[in-house]
Structure formats: C-alpha cells, structure tokens
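1. Provide a 3D model corresponding to the input given below.
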Amino acid sequence: MRTAIYARYSSNLQDPRSIEDQVRICQERADREGWTISGVFTDYAISGAVRDRPGLNQLLAHVRGGHTDQVMAEALDRLSRHQGDMSWIYDHVCHAGARIFTLSEGEVAELHIGWVGTQASIFRKNNADKIRRGLSGRVAEGRAAGNIVYGYRKIHRLDSKGEPERGLREPDPEQAAIVRRIIAEYLADDSPLTIARRLNAEGIPSPSGGTWAVSMINGDAKRGNGILCNQIYAGVLVYNRTTMSRDPDTRKRVAQVNPPEKWQRQPVPDLAIVDAETWARVQARKAGTRGLPIVRLKRARKLLSGMVRCGRCGGPMTIRENSSWGCANARTKGTCSNKRKVANEMLQRRVFAGLRTELLSPAAVDRAVARYTAKRKQLVAEAEQLDQRQSKRAAELDKQITNLVTAVASGGDIPELVNALRTARTERAQIDGDRREREAEQMIVMIPAIAQAYRTAVEDVAAVLEGHEQEYAKAQRTLRSLIDHVVVTPASTPRGVEIALVSRLENVIALATGEPANTERTEISLKMVAEEGFTRKT
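-> Reported below is the predicted structural model:
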C-alpha cells in the first residue's frame, strides 16, 4: 500500500527533532506492514488550528493526484486540532479514494473524526487557559508575560534548580534615554510626527529596528501600547489587554481588545522610566487631543484606495482630509522626499482617461483578443493531447480491471490483488472525473461585439466619476480588475506629478465575456503628466 507520512509540531518552543521522531516511528510501522512510502510531508512550528499549512497543502495535492493509498500520522491531532478542519481533511482524503491511518487510532473512521476532533479542540482550549493562568501568575510576581518592550532588556538568571527564570526585565540605558526624550519633547508641545521625523533624521533605530512611525510614538489608548500609552514606562505592568482568537474564515490570529476592567495591573516601580507626575502630564495632554474631528472622522473609501504608490520610495500613498494624495512615508516617517500632492478628483480623471484612451483603442482590443485567442488554442491543443493520453490509459486500466476481477472471482482473493484492483479503479474514476470537468468548461467564441461589451463595462467606472454613486461598488470591482497599481512621481518641473498606470490588459476579454479575472499582472505602463495629457510611457 502506498503511504504518505505527515508530521507536525506546534511551537518554536518545542524540539524540532519531534518531526524526525514522528517520521521514524511511522516509517517503522510501514516497514513492518510492507507499505511503500510515497512521500513525507512536514510542518514545523505551525499550530494544528491552522488549516493553510505548506506541508498539509502539499500532502492533500499528493493525495488528490492519486499518488498514495493512505495518509499516515502519529495521531489525528498531528493532522489537525480543529474539529471542522479534521472533518474537511478526512472528506478530501476519502474523496480521492484513500484513507487515514494513525499509530494511535489505527484506520480512521467517521467516529474518530467526531470524538477525537472534539477532544483535540477541548485540549487546545484547556491548554490556552493554562498558559493564560501561568502568564497571569508571572505578572503577579512582577515579571513580563510577553516580548521585550522598547526601553527594556532581558535579565538572564537561573533559579535554585538551575532553570532559567522567565520574564525578568530591566531598563536598557540607551533606549530608556530615548523614551525620556520622546516624552519630554511631547510635553514641550512637539507632535508625534515631528518627533518621529527628528529621530529618523538622526538615524536612531525604532523599536522594530527600522524607521519611526507616528503610531510607534502615539500608540493606541484602547490597547495601551506605544511610547505615550504604555503604562510600563510609569512602573505599572499591564496584562490581558487583548485576547487572541482565530478568524473562522482566514484562521489568522486576531487581537481583540478586552475591556479595561479585565486588565491585570501590577506595580513594578523598579521598571519605571519616568515618574508618576510626568506620566500624568502626558496622559493629560493626550486626553486633550482625543475626540478631535480630524482624528476620529473616518474618511470615505476612494475609488483608487490601496492602489496608489509613491514613485520615489515605492511606499503607499494615502489620501488626506483635503482629498489630496501624498506619500505616507514622507508624511508619517519623514523617510521619503516626495512632498508633491495630487488631488483625488484629478487623479481619478487622469487614470480613467488613460484607461479609455489606451484600453479602448482598436489596437489595444485587437492585441488582447489575439492573446486570448492564442491562449485558447493552446489550451484546446493541450486538452486534446491529454484526452489522447488518458483514452489510451483508460483502455489499459479497463483491461487490467477485467483481468483482476476475473482473478479474484476465481478464488485469488489475496491482499495484493484486491489492492491492485482498488488502485486501478481509483485511477480509472479519476480519468472520468477529469474528462467531465473539461467537458463542463464553456469554450467562449470570440464575436465582433466583444469590443462593445468591454466598452460598456468600462463605462460603469465612468458613471461613478460622473456622480452615479449607486454604481460605485460595481465600478470599483471593474477598475481593480483592470489596474494593478498607479504610481505617482514628482515631475522634473517645480510643480506637477507624473502618473504611471500599470494595467491588467489580459482582463479586457475576461471583463467582456464574464470569465474569471486573471491574477497575473500585465506589465504595460502608461504615463500621464499633469497638464500635458496622456502618452505611452517609453
């Protein structure tokens, strides 16, 4: 029996040799059973609550490709600790004609998925609760529960048993001086932006080791982080400010802010970098700036939001309250010299003019149609070749299945014959499935009206620019399928900018025919110089 081995361990704190041990004991079992190893798939330091794992993805692709008869692991919780994912993996493996076998549970059936999956989920929750209790106890002793906060360094010390003591911190003299400087400049009425720019100009590394941003200094009062909001600088250790949970769709860990009454506060006067009076003044000034409309107003999402880049540093450009786009790095970090601004209305108008002039020109549509037609011909030719190969293989399998059935019916009911018959039937069913999928694909016929269909779709964007807000969502999807990004670069003249558009011309035909959009970027750039119209970039 062809066997694929899967091994996983959860945390960077665990021993990586755990993977080797899991593979070794699975290999030993396979050797005893006479099973052939078709592949070994591993995931290092990835939680079993995460579905999107590189090793697991490769394993399932291996199974779907018909390259194995079973998946073997040390235990079911190595495959997943999430009950829904456990069932999902089981269904995919069984659909491919394979099975799951673990050293702990043996051959896995639906009962195992329900019972063991529930146990794994409960274990994961209980384990998280135990970790939180342990960290809470550490904080109660005046020790840090997490990573090292800027301004502090780790103390290395062993306890009476010779084990390292965790969570010990002390102020770092150099970083603590920067914290005091930031607080002093803030109390002297300098803004966080001014302070960040000054630190960057002097080449002082930020907490991340790179450049300073406003958010690193200003912080978030709800989360109690940043230089101006973290109470640790006043000698108070705060724990349980947030709770980490996994998004049920993406399975990514998301921090959710806990109400302040659930926060655990522990005085640690030895860790104070500024005195209580200074900290109170900082909070008083911050309280005076909260609630201002410019800070709290949520600006409406623009048609080009998330698509505009700075041509000088490559960073994102964001729109301000005056509806002008500017480089975010220049504004918040002072690390880019691009100070030019471009009005949102003008940028939208220029971008759409580029789309209409370039993408709606007869030559542009002819090029897209030609590429589309060539690609379709290539796919049809490849499908025909695959059909020929699979037809030949199907005939061989039909003959093989007939012979095996005859042999079993004649009394040759031995494991080798049964396994060979099952393998042949699985491969034969896969061939039929592939054929049905290809037959279900609609072959699109290019018609003369396709250019007009595309023009109609692009006019959806024009409707928004003309004030038809009810078409906004549809137009935004259309625009984002046609444009990869927009680059704004200062012009060589004292005023003005150059606007370069990188489009997805492959989606011209997809848009008109209703096909899925192409995910690959088409490197065709256009350049629009403000006040000079629209020309192709060379």
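2. domain map for the chain?
-> Following automatic domain parsing, the chain resolves into domains at 2-128, 169-296, 300-379+443-538, 380-440.
3. mean pLDDT for those: which is lowest?
-> Among the domains of the chain, domain 300-379+443-538 carries the lowest mean pLDDT, a mean of 66.
4. so which bits of stretch 62-82 are buried?
-> 62-64, 66, 68-74, 76-82 (16 or more other CB atoms under 10 Å). Bear in mind the C-beta positions are built from the backbone N, C-alpha and C, glycine included.
5. would you mind measuring the gap between the ends of it?
-> Distance between the boundary residues of stretch 62-82 (CA to CA, to the nearest Å) amounts to 22 Å.
6. restricted to strands, list the buried residues of stretch 62-82.
-> Gln70, Val71, Met72, Ala73 (DSSP state E).
7. between the residues you listed, which is nearest Tyr9?
-> Closest to Tyr9 out of these is Ala73 (12.0 Å), distances taken as CB to CB.
8. distance check, that closest one against Thr102.
-> Between Ala73 and Thr102 the computed distance is 5 Å (CB to CB, to the nearest Å).
9. again with Asp91
-> Separation of Asp91 from Thr102 (CB to CB) stands at 17 Å.
10. so if I had to pick from those two, which one is more boxed in?
-> Thr102 (22 against 12; other CB atoms under 10 Å).
11. quick check: beta-bridge partners of that one?
-> Note on Thr102: beta-bridge partners by DSSP bridges are Ala73, Gly106.
12. pretty sure Ala343 sits against Ser324.
-> Yes. Contact criterion CB atoms under 8 Å: Ala343 and Ser324 qualify, at 5.4 Å.
13. settle it for me: which of the two has more neighbours?
-> Ser324 (17 against 14).
14. need the contact list for the closest residue to the more buried one other than its chain neighbours.
-> Closest residue to Ser324 apart from its sequence neighbours, by CB to CB, 6 or more residues apart in numbering: Lys341 at 4.3 Å. Lys341 sits next to Ser324, Trp325, Gly326 when contact means CB atoms under 8 Å, 6 or more residues apart in numbering.
15. and of these, the nearest to Ser215?
-> Nearest to Ser215 among these, with distances taken as CB to CB, is Gly326, at 17.2 Å.
16. how near is the closest one to Met317?
-> Gly326 sits 6 Å away from Met317, going by CB to CB.
17. which one of these two is surrounded by more residues?
-> Taking other CB under 10 Å, Gly326 and Met317 do not tie; Met317 has more neighbours (27 against 21).
18. helix/strand/coil for that one?
-> strand (DSSP: H, G, I helix; E, B strand; the rest coil).
19. wait, isn't it in contact with Val488?
-> Yes. Using CB under 8 Å, Met317 makes contact with Val488 at a distance of 6.0 Å.
20. what is in contact with the two at once?
-> Jointly contacting Met317 and Val488 under the rule CB under 8 Å, 6+ apart are Val308, Arg309, Cys310, Trp325.
21. mark which of these are buried, thanks.
-> Buried among the shared contacts of Met317 and Val488 by 16+ other CB under 10 Å: Val308, Arg309, Cys310, Trp325.
22. helix/strand/coil for the last one?
-> Reducing the assignment at Trp325 to three states with three-state DSSP gives strand.
23. for Lys302, see how far away it is.
-> From Trp325 across to Lys302, the span is 9 Å (CB to CB).
24. how about the second one?
-> Per CB to CB, Arg309 is found 15 Å from Lys302.
25. also the third one?
-> Note on Cys310: its distance to Lys302, by CB to CB, is 16 Å.
26. cool, the first one as well?
-> When CB to CB is applied, the distance between Val308 and Lys302 equals 9 Å.
27. what sits against Pro171?
-> Gly151, Tyr152, Arg153, Leu271, Ile273.
28. are any of these buried, and which?
-> Looks like the contacts of Pro171 have Gly151, Tyr152, Leu271, Ile273 buried, using 16+ other CB under 10 Å.
29. mind putting the residues you listed in CSV, distance to Arg425 and secondary structure included?
-> Formatted as CSV, the buried ones among the contacts of Pro171 follow (distance: CB to CB, whole Å; DSSP: H, G, I helix; E, B strand; the rest coil):
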residue, distance to Arg425, secondary structure
Gly151, 67, coil
Tyr152, 65, strand
Leu271, 69, helix
Ile273, 72, coil
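30. helices of the stretch 201-350 of the chain, start to end?
-> Taking DSSP state H, counting those that start in this stretch, the helices of the stretch 201-350 of the chain run over residues 214-218, 276-289, 293-296, 328-332, 344-354.
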